[in-house]
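J.: all I have is the shape, not the residue letters:
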């Protein structure tokens with residue numbers, strides 16, 4: 001690849017993908033909503049061109065990006081991927097429309113392929129819907145991701161754009177600011193606060209941010225049309241093993257509350273995914289172990305104070 005577009009380039013994953021692409025010599029057009037959202041790694045890199053556009057204007061990206069030689073578009077932009085907006089119906093419905101708009105814009109720019117950032121939560125909501133349980137309101141985010149995936153893939157086929165779906169497991173590392181598990185738990189442990197968890201018997205997986213970025217670059221360059229690629233470590237384990245490893249990296253002598261919280265969610269076996277698809281189709285395998293990645297994240301958190 002020589003030139004790509006990345007929407008949501010100011011986010012944790014989007015920014016890392018921009019940085020990795022640029023370091024590999026790929027020209028990057030980073031689409032962000034506001035100048036005050038820019039992060040340092042994007043601003044400093046001369047190989048990254050910045051375009052400002054609200055998601056509601058993604059249908060008109062062609063007017064903002066007149067280039068005719070774009071190889072791929074990575075779509076990370078999504079409002080309400082965390083926090084209370086996950087349960088906002090209007091917000092999530094608009095995200096579906098914006099994703100479809102972006103596929104149309106991709107075709108109008110002559111872009112060859114569209115990479116959609118999906119989530120394992122799509123599988124979790126499907127499992128929940130197969131039961132008689134009432135879904136929580138925040139699963140509207142998961143349902144919107146499913147709808148966006150189905151519709152964007154269909155539109156991509158109709159307009160002649162290759163569609164590649166990337167299913168994100170749990171990405172962690174320096175730069176993460178959201179209230180997700182690793183970030184929140186490490187902050188509490190470092191502050192000497194007690195952490196309560198479920199028994200941690202459910203299967204989980206994590207991938208370090210630089211490995212995730214390299215995986216995205218690999219599937220953008222070598223991924224196959226209409227194929228789903230799992231973005232993970234290739235070695236899922238029971239959650240408690242990860243939690244204990246995190247504790248040991250902070251301080252082996254502190255206690256963590258395994259089993260103090262009930263677990264009522266849907267468990268995935270990870271047989272739902274072709275975990276080796278990235279390795280087979282692109283040759284890339286993750287390079288950073290969980291312990292190394294956690295130590296890097298701890299160092300970053302301590303530096304931030």
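T.: Noted; the coordinates are in hand. This is a predicted model, so every value here is computed, not measured.

J.: what's the residue of the chain most remote from its centre sitting at in phi/psi?
T.: Distance from the C-alpha centroid of the chain, by C-alpha atoms, centre = their mean, peaks at residue 253 (32.8 Å). When read as degrees, to the nearest 10, the backbone of residue 253 gives phi -90, psi -10.

J.: list the contacts of it.
T.: By C-beta atoms under 8 Å, 6 or more residues apart in numbering, the contact set of residue 253 is empty. Bear in mind the C-beta positions are built from the backbone N, C-alpha and C, glycine included.

J.: so where's the chain uncertain?
T.: 36-41, 43-44, 46 (pLDDT under 70).

J.: picking up where we left off before, how far away is the residue farthest from the centre of the chain from residue 275?
T.: 35 Å (C-beta to C-beta, to the nearest Å).

J.: quick one, what contacts residue 108?
T.: 61-62.

J.: the residue farthest from the centre of the chain and residue 247, how far apart?
T.: From residue 253 to residue 247 the distance is 9 Å (C-beta to C-beta).

J.: go on, residue 107?
T.: Computed as C-beta to C-beta, the residue 107 to residue 247 distance reads 49 Å.

J.: can you show me the strands along the stretch 51-200 of the chain?
T.: 72-75, 113-119, 162-168, 171-172 (DSSP state E, counting those that start in this stretch).

J.: can you list the residues that contact the second one?
T.: So the one you mean is strand 113-119. For strand 113-119, contacts defined as C-beta under 8 Å, 6+ apart pick out 8, 13, 71-76, 78, 99, 102-103, 106, 142, 145, 148-149, 152-153, 156, 161-168, 216, 219-220, 223, 225, 228.

J.: identify the residues contacting residue 263.
T.: 198-199, 201-202 are the contacts of residue 263 under C-beta under 8 Å, 6+ apart.

J.: quick one: secondary structure of it?
T.: At residue 263, secondary structure determined by DSSP: H, G, I helix; E, B strand; the rest coil is coil.

J.: what does the one 4 residues further on give?
T.: Under the three-state scheme (three-state DSSP), the conformation of residue 267 reads as coil.

J.: quick one: contacts for it?
T.: Contacts of residue 267 by C-beta under 8 Å, 6+ apart are 202-203.

J.: relative to residue 151, how far out is it?
T.: Where residue 151 is concerned, residue 267 sits at a distance of 28 Å (C-beta to C-beta).

J.: ok, now residue 294?
T.: From residue 294 to residue 151 the distance is 37 Å (C-beta to C-beta).

J.: these two: who's more crowded?
T.: residue 294 (24 against 15; other C-beta atoms under 10 Å).

J.: quick one: contacts of the strand or helix carrying the more buried one?
T.: Under the criterion of DSSP states H and E, residue 294 resides in helix 290-304. The set of residues external to helix 290-304 that reach it, using C-beta under 8 Å, 6+ apart, is 172-176, 182-183, 186-187, 190, 206, 208-209, 233, 242, 245-246, 249-250, 288.

J.: how does it look with 7 Å?
T.: Contacts to helix 290-304, defined as C-beta atoms under 7 Å, 6 or more residues apart in numbering, come from residues 172-174, 182, 186-187, 190, 206, 208, 242, 245-246, 249-250.

J.: what sits against residue 12?
T.: Here residue 12 is in contact with 175-176, 178 (criterion: C-beta under 7 Å, 6+ apart).

J.: any idea how far residue 75 is from residue 57?
T.: 14 Å.

J.: which one's more surrounded, those two?
T.: Using other C-beta under 10 Å, the more surrounded residue of residue 57 and residue 75 is residue 75, with 25 against 16.

J.: having no further points to raise, I will conclude here.
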